[in-house]
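Visitor: Attaching a predicted model along with its sequence, questions to come.
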Amino acid sequence: MPPPPLPEFSNSVKLKYVKLGYQYLVNHFLTFLLIPIIAAVALEVVRLGPEELLRLWRSLQLDLVQILCSAFLIIFISTVYFMKKPRPIYLVDYALYKPPVTCRVPFATFMEHSRLNMSETKSVDFQMRILERSGLGEETCLPPANHYIPPRISMEASREEAELVMFSAVDTLMKKTKTKPKDFDVLIVNCSMFSPTPSLSAMIVNKYKMRSNIRSYNLSGMGCSAGLISIDLARDLLQAHPNSLALVISLEVITPSYYMGNQRAMLLPNCLFRMGGAAILLSNRRRDQWRAKYNLVHVVRTHKGADDKAFRCVYEEEDQEGYKGVSLSKDLMAIAGEALKSNITTIGPLVLPASEQLLFLFTLIGRKLINPKWKPYIPDFKQAFEHFCIHAGGRAVIDELQKNLQLSAEHVEASRMTLHRFGNTSSSSLWYELNYIEAKGRMKKGTRVWQIAFGSGFKCNSAVWKCNRTVSGPGSDSPWGDCIHRYPVHIPDVLKL
């Protein structure tokens with residue numbers, strides 16, 4: 001008679017609770033180590049009694065010189081430590097541009113304009129198939145110039161879009177934070193597709209009559225991840241200049257980037273990109289700690305531009321007929337995956353708890369020494385962050401990151417809903433996602449947020465924020481204010497038009 005089969009381990013033991021126990025044990029290892037030591041010292045003190053303790057105290061021969069030297073050494077070391085310690089960077093507040101209803105482009109309107117603007121029916125049909133699977137909704141907006149037939153692609157129209165987005169966001173931010181144009185010490189504007197002379201940052205200085213000694217920067221051609229590059233630059237400048245305020249403006253001017261040719265790789269941006277922008281106020285002033293929404297913890301940047309395939313996967317060029325547009329390579333997702341892998345390899349040790357780092361290390365050693373076919377361990381970033389803001393570049397980008405990082409539907413909800421409501425607003429999309437989380441009342445004091453963005457070049461950039469105070473509900477100026485009650489919405493895999 002054969003022996004009864006052994007019960008399955010997965011059924012007899014709750015593996016989830018085993019892992020939770022392991023994580024708690026490793027992450028609180030020092031606490032568990034110190035408790036018995038403290039207990040032993042306390043028992044020894046109790047055992048000695050007051051007379052023995054008094055005799056022990058008297059036996060310590062401390063003179064005034066020793067006390068003064070020790071105090072001076074402690075003060076000196078503390079002073080050096082605090083002088084070398086990086087200044088904390090606070091995100092005081094931010095404001096988002098909400099396009100007017102007149103700029104809306106329902107699918108029917110978009111397709112009708114495409115039929116009137118394009119010569120080939122195949123190109124129109126291709127755009128319709130892209131829209132059906134894009135994850136965009138009926139309320140996304142294009143700038144006024146793109147509503148003309150044919151689109152009004154000119155420097156004047158591009159400047160008008162830039163002014164509309166930037167000035168609206170800055171006005172709202174100054175009203176929220178009670179700041180004046182003369183208060184800003186640093187100004188950074190990032191916009192990839194439109195780089196006029198004078199620059200966009202000069203337009204801001206001229207409009208608001210800012211100080212002549214303001215440190216202004218204009219970043220162009222750096223793609224959808226330029227918003228976090230601007231944050232990184234602002235952080236470095238604030239570290240060098242104490243008691244300063246930095247104004248960061250992230251937007252994309254899409255008026256000049258409308259493609260009227262027939263190359264499929266260059267038609268994708270027409271379907272995905274929409275207008276939007278954000279203005280962010282950063283500070284290193286201690287007094288702003290109490291009103292700031294977030295503290296900046298880390299910024300990690302990864303650049304794959306040395307590889308030719310990565311460099312050309314998002315490429316602005318002219319087609320054979322002379323129409324200018326941005327070409328998206330078929331290898332884009334594979335290249336983005338490699339860039340993400342490099343980025344999380346760098347950010348992992350900075351943010352992951354010890355339990356996840358140990359599992360990753362053991363798996364890596366096992367693959368090197370025992371069996372190279374072992375499946376690599378993907379760290380559980382949900383142990384490090386409560387919220388994720390993945391650049392709403394497209395449905396495929398969000399799907400890929402959700403799969404690779406093993407995130408739940410709720411973790412990517414902000415990204416999917418931002419794509420549905422506002423489309424791909426390039427570098428400002430991360431701020432619409434953060435505002436979605438706030439509008440839902442999910443942002444509590446102490447929670448951590450991971451922003452991940454991809455951009456041409458090819459780049460993958462990350463920023464980690466820690467919430468400084470609980471944010472409850474959408475503000476009166478929030479672009480989600482009039483529609484947050486309708487979200488989340490179901491987004492079908494294919495929306496038949």
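Guide: Alright, I've got the coordinates. Numbers count the residues shown, from 1 in each chain.
Visitor: List the residues that contact Val412.
Guide: For Val412, the set of contacting residues under the criterion of CB atoms under 8 Å, 6 or more residues apart in numbering consists of Phe388, Ile390, Ile398, Leu401, Gln402. The C-beta positions use only the backbone N, C-alpha and C, and glycine is treated the same way.
Visitor: at 10 Å instead, please
Guide: By CB atoms under 10 Å, 6 or more residues apart in numbering, the contact list for Val412 reads Phe388, Cys389, Ile390, Ala392, Ile398, Asp399, Leu401, Gln402, Leu405, Glu433.
Visitor: go on, Lys293?
Guide: Lys293 sits next to 90-94, 281, 434, 438, 443, 465, 467-471 when contact means CB under 10 Å, 6+ apart.
Visitor: where's the nearest residue to Glu138 once chain neighbours are set aside relative to Glu400, distance?
Guide: Here the nearest residue to Glu138 in space, its sequence neighbours aside, is Pro106; by CB to CB, 6 or more residues apart in numbering that works out to 4.7 Å. As judged by CB to CB, to the nearest Å, Pro106 and Glu400 stand 28 Å apart.
Visitor: of those two, who's got more company?
Guide: Taking Pro106 and Glu400 together and counting by other CB atoms under 10 Å, Glu400 has the greater number of neighbours (17 against 12).
Visitor: can you confirm that one is in a helix?
Guide: Yes. Following the definition DSSP: H, G, I helix; E, B strand; the rest coil, Glu400 is counted among the residues of a helix.
Visitor: How is Ile452 classified with respect to secondary structure?
Guide: In terms of secondary structure, Ile452 is strand; the call rests on three-state DSSP.
Visitor: Look up how far Leu91 lies from Ala234.
Guide: Relative to Leu91, Ala234 is positioned 10 Å away (CB to CB).
Visitor: shared neighbours of the two, which are they?
Guide: Val248, Ile280, Leu281, Leu282, Leu296.
Visitor: Among those residues, which lie within strands?
Guide: Within those, membership in strands is found for Val248, Ile280, Leu281, Leu282, Leu296, as judged by DSSP state E.
Visitor: ok, what's across the strand from the last one?
Guide: The one in question is Leu296. Beta-bridge pairing for Leu296 (DSSP bridges): Trp465.
Visitor: okay but it is in contact with Val92, surely?
Guide: No. Leu296 sits out of contact with Val92 when judged by CB atoms under 10 Å, with a separation of 11.4 Å.
Visitor: which neighbours do the two share?
Guide: In the contact map built from CB under 10 Å, 6+ apart, the residues linked to both Leu296 and Val92 are Leu282.
Visitor: Flag the shaky bits of the protein, pLDDT-wise.
Guide: Where the chain drops to pLDDT under 70, the residues are 1-33, 44-45, 49, 53, 56-67, 81-85, 376-377, 497.
Visitor: all helices of the stretch 101-250 of the chain, in order?
Guide: In chain order, the stretch 101-250 of the chain shows helices spanning 107-117, 121-134, 155-177, 200-208, 226-240, with DSSP state H, counting those that start in this stretch as the criterion.
Visitor: Turn those helices into JSON lines, columns for mean neighbour count and distance to Ala145.
Guide: Converted to JSON lines, the helices of the stretch 101-250 of the chain look like this (neighbours: other CB atoms under 10 Å; distance: least, CB to CB, whole Å):
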{"stretch": "helix 107-117", "mean neighbour count": "16", "distance to Ala145": "12"}
{"stretch": "helix 121-134", "mean neighbour count": "17", "distance to Ala145": "19"}
{"stretch": "helix 155-177", "mean neighbour count": "19", "distance to Ala145": "4"}
{"stretch": "helix 200-208", "mean neighbour count": "18", "distance to Ala145": "17"}
{"stretch": "helix 226-240", "mean neighbour count": "22", "distance to Ala145": "22"}
